[in-house]
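*Asks:* I'll drop the sequence and a predicted model, then ask my questions.
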Amino acid sequence: MAAVVLAAAVAAAIKGRAMSQRNRRSITGALAAATCTLLGTSATESVQAQEELGWDFNTSLLYYGEDDDRVQDISFKSLSTRTYVDDRYLILGLTVDALTGASPNGGLPQSVPQTFTQPSGKNTFTTPAGELPLEDAYRDTRVALTANWEQPLGRLYAINVGASASKEFDYLHLGLNARISRDFNNRNTTVSGGFAVAFDEIDPIGGVPTGLTQMLPVGDLSNRRGSESKDILDVILGVTQVVSRNFLVQLNYSYSDSSGYLSDPFKIVTLVDASGDAVRLLPPLPPDQGPSHINYFEHRPDSRSKHSLYAQGKYYMDGKVLDASYRYMTDDWEIDSHTLDMRLRWPVGSDKFLEPHLRYYSQTAAEFYQLSLPEGDPLPEFVSADHRMGDFDAITAGLKFGWKTGGGNDMSARLEFYRQTSNVSSGQLIGNQVGRDNVPDLNAIIFQFGYKFGK
Amino acid sequence: MRIGILMAGILVFGVLSGCSSMGVEPWERDILAKEEMQLTADPIEAATDDHIYFSKEASSGGRGFGGGGCGCN
């Protein structure tokens, strides 16, 4: 039967040698149909098999948990990709985070209990002696949506445009992004450039406190104002290069400019005396009425420019894939950071793999980072005791296991441990602060289950 | 901004000088086409990590865009 169809098509081709251009196309079609018949498939199916049109779903469930009852997050994520003809894609992302737990408020462990006014200004909470002050009213749900459209533009260009939005109880993010890339050197070199803009607004209960004003008694909102906002512009330039049949590298430069309210409205800095202990508020307030010690709300500059250089290599060796990357970041807050990341995907049998992961991160402190404010000194222009603005190192170590299900879908599970160790310089320590664990290590566990299915 | 211009210069120089002599022929892309050889082999894991480290550290981005989207930092 197939041979008959092919013979008919060939006969038509011979007969139609002198035919017009339009008819020639139909002969090509007939030949294609005949070939497809020989292969036992229809022309339409062939196109679909090649392009694999339809939806792909990439989903995951994450547990992130810090020790000492600090932040716990259960997060569902999905990336749904619809493939259209001619390499066009619609990519939709959804993230739902359920956050609970406590977060360090910037205060220091003391030899006596400390009482603080809640960020809302409605209640107080007390930290026992010797413990790191944690603001424990941390409960939030975050929903984030992204949508991107990707398609080729001519033979060598491709574009990707998108929008993002996320909402938490007191935070709103809206963003737009666009990227264009062009292939060179027989598609061995790809140069890309892109930008993203974000408009974020924070609107905490009780309002945003004015930086470097004192923490006030319950009900006193005189140093609060309504919401605040920040705008962020990101620019990225990148080159991807195929080095050999099993080696691929990428180099990116990115610039990020943030302006507006860049402080954390929930973070404070403690006023300390010459012995390094927190200064008591006088006359004292009853513990349910206000703070026991003098604390100031942090105040960061209202602009920040960051530069990053990122290099990544992927190397395939006999079934195993080494993925190594390095990032250097520097900004005008005097934070410099180095990030090294390594993964080795190791196949186990034909449809399983193990992937150990190691990450090392190190950053210097922001120029305005201070553990505490010495009593009697004039207040600085900017200050933050947020540990994330300090000098620290961090290590992540983990293992991922991936396997194929009976239906041909991909599943994976990874377990990782994250530890942050602060390096407070001795010049920052005053009196009794020497020898105290002013910034305890942060330990977190990351467990993620992934499931990919579709088409 | 001067650092930015310098870094962009290094990038452009790198592309112009070295890349044109490297690469493979179209029929040698079998390994590069594998899912595990994509630069972001697991986009959902990459997005998760970016979000965790964005909220716990003072750096973000590099691999992609780094800014905004969360009240956690």
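*Replies:* Alright, I've got the coordinates.

*Asks:* next, the contact list for the nearest residue to A:Asp203 once chain neighbours are set aside, please.
*Replies:* Take A:Asp203 and drop its neighbours on the chain: the residue closest to it by C-beta to C-beta, 6 or more residues apart in numbering or on different chains is A:Ser227, 3.8 Å away. Quick note: C-beta positions are derived from backbone N, CA and C, even for glycine. Residues in contact with A:Ser227, defined by C-beta atoms under 8 Å, 6 or more residues apart in numbering or on different chains, are A:Glu201, A:Ile202, A:Asp203, A:Gly207, A:Val208.

*Asks:* show me which pair in these is furthest apart.
*Replies:* Largest separation among the contacts of A:Ser227 by C-beta to C-beta: A:Glu201 and A:Gly207, giving 13.0 Å.

*Asks:* before we move on, the earlier item: secondary structure, neighbour count and pLDDT added to the contacts of A:Ser227, as JSON lines?
*Replies:* Listed next are the contacts of A:Ser227 as JSON lines, based on DSSP: H, G, I helix; E, B strand; the rest coil; neighbours: other C-beta atoms under 10 Å in any protein chain shown; pLDDT from 0 to 100:
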{"residue": "A:Glu201", "secondary structure": "strand", "neighbour count": "16", "pLDDT": "97"}
{"residue": "A:Ile202", "secondary structure": "strand", "neighbour count": "20", "pLDDT": "96"}
{"residue": "A:Asp203", "secondary structure": "coil", "neighbour count": "17", "pLDDT": "95"}
{"residue": "A:Gly207", "secondary structure": "coil", "neighbour count": "18", "pLDDT": "95"}
{"residue": "A:Val208", "secondary structure": "strand", "neighbour count": "21", "pLDDT": "97"}
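
*Asks:* counting neighbours, what do you get for A:Ala129?
*Replies:* Using other C-beta atoms under 10 Å in any protein chain shown, A:Ala129 has 10 other residues around it.

*Asks:* from A:Ser292, how far off is it?
*Replies:* Per C-beta to C-beta, to the nearest Å, A:Ala129 is found 12 Å from A:Ser292.

*Asks:* overlap in contacts of those two?
*Replies:* A:Pro113.

*Asks:* circling back to that earlier point, ok, so of the contacts of A:Ser227, who is nearest A:Arg419?
*Replies:* A:Ile202 (29.2 Å).

*Asks:* and the helices in chain B?
*Replies:* B:2-18, B:43-56 (DSSP state H).

*Asks:* comparing those helices, which gets the lowest mean pLDDT score?
*Replies:* Lowest mean pLDDT within the helices of chain B: helix B:2-18, at a mean of 60.

*Asks:* the closest residue to chain B within chain A: what's it in contact with?
*Replies:* Taking C-beta to the nearest C-beta, chain B has its nearest neighbour within chain A at A:Asn188, 2.8 Å off. Neighbour list for A:Asn188: A:Gln241, A:Val242, B:Cys19, B:Met22, B:Gly23, B:Val24 [criterion: C-beta under 8 Å, 6+ apart].

*Asks:* could you redo the last one with a cut-off of 6 Å?
*Replies:* Contacts of A:Asn188 were listed using C-beta atoms under 6 Å, 6 or more residues apart in numbering or on different chains, and they are A:Val242, B:Gly23.

*Asks:* and it, how far from A:Val242?
*Replies:* Taken as C-beta to C-beta, the span from A:Asn188 to A:Val242 is 4 Å.

*Asks:* one more: A:Met389?
*Replies:* 40 Å.

*Asks:* so what's in contact with A:Asn188 and A:Val242 at the same time?
*Replies:* B:Gly23.

*Asks:* need the residues of the stretch 101-250 of chain A near chain B, please.
*Replies:* For the stretch 101-250 of chain A, the contact set with chain B under C-beta under 6 Å from any C-beta of the partner chain comprises A:166, A:168, A:171, A:173, A:185, A:188-189, A:196, A:198, A:200, A:202, A:232, A:234, A:239, A:241-243, A:245-246, A:250.

*Asks:* ok, 8 Å please
*Replies:* Within the stretch 101-250 of chain A, the residues that sit near chain B (C-beta under 8 Å from any C-beta of the partner chain) are A:140, A:142, A:144, A:164, A:166, A:168, A:170-171, A:173, A:175, A:177, A:184-189, A:191, A:194, A:196, A:198, A:200, A:202, A:230, A:232-234, A:236-237, A:239-246, A:248, A:250.

*Asks:* could you report the neighbour count for the closest residue to B:Asn73 other than its chain neighbours?
*Replies:* Distances taken as C-beta to C-beta, 6+ apart place B:Ser55 nearest to B:Asn73, at 5.1 Å, with adjacent residues excluded. A total of 17 residues lie near B:Ser55 under the criterion other C-beta under 10 Å.

*Asks:* likewise A:Ser275?
*Replies:* Neighbour tally, A:Ser275, other C-beta under 10 Å: 9.

*Asks:* next one: A:Asn438
*Replies:* 20.

*Asks:* so who does the residue of chain B found nearest chain A touch?
*Replies:* Chain B approaches chain A most closely through B:Gly23 (2.8 Å), counting by C-beta to the nearest C-beta. Taking C-beta under 8 Å, 6+ apart, we find B:Gly23 in contact with A:Asn185, A:Asn186, A:Asn188, A:Thr189, A:Gln241, A:Val242, A:Val243.

*Asks:* which among these gets closest to A:Phe125?
*Replies:* A:Gln241 (54.1 Å).

*Asks:* what about that closest one, which helix or strand?
*Replies:* strand A:228-244 (DSSP states H and E).

*Asks:* how long is stretch A:264-278 end to end?
*Replies:* End-to-end distance for stretch A:264-278, by C-alpha to C-alpha, to the nearest Å: 21 Å.

*Asks:* so A:Pro119: helix, strand or coil?
*Replies:* coil (DSSP: H, G, I helix; E, B strand; the rest coil).

*Asks:* pLDDT weak spots in chain A?
*Replies:* Low-confidence segments of chain A (pLDDT under 70): A:1-51, A:137-138.

*Asks:* what residues go with each domain of it?
*Replies:* What automatic domain parsing lists as the domains of chain A is A:1-51, A:57-454.

*Asks:* which among those is found nearest to B:Gly62?
*Replies:* Comparing the domains of chain A by C-beta to C-beta, domain A:57-454 comes nearest, at 3.6 Å.

*Asks:* any idea what A:Ala147 is bridged to?
*Replies:* A:Leu92, A:Ala163 (DSSP bridges).

*Asks:* residue contacts, it?
*Replies:* A:Ala147 sits next to A:Leu90, A:Ile91, A:Leu92, A:Gly93, A:Gly162, A:Ala163, A:Ser164 when contact means C-beta under 8 Å, 6+ apart.
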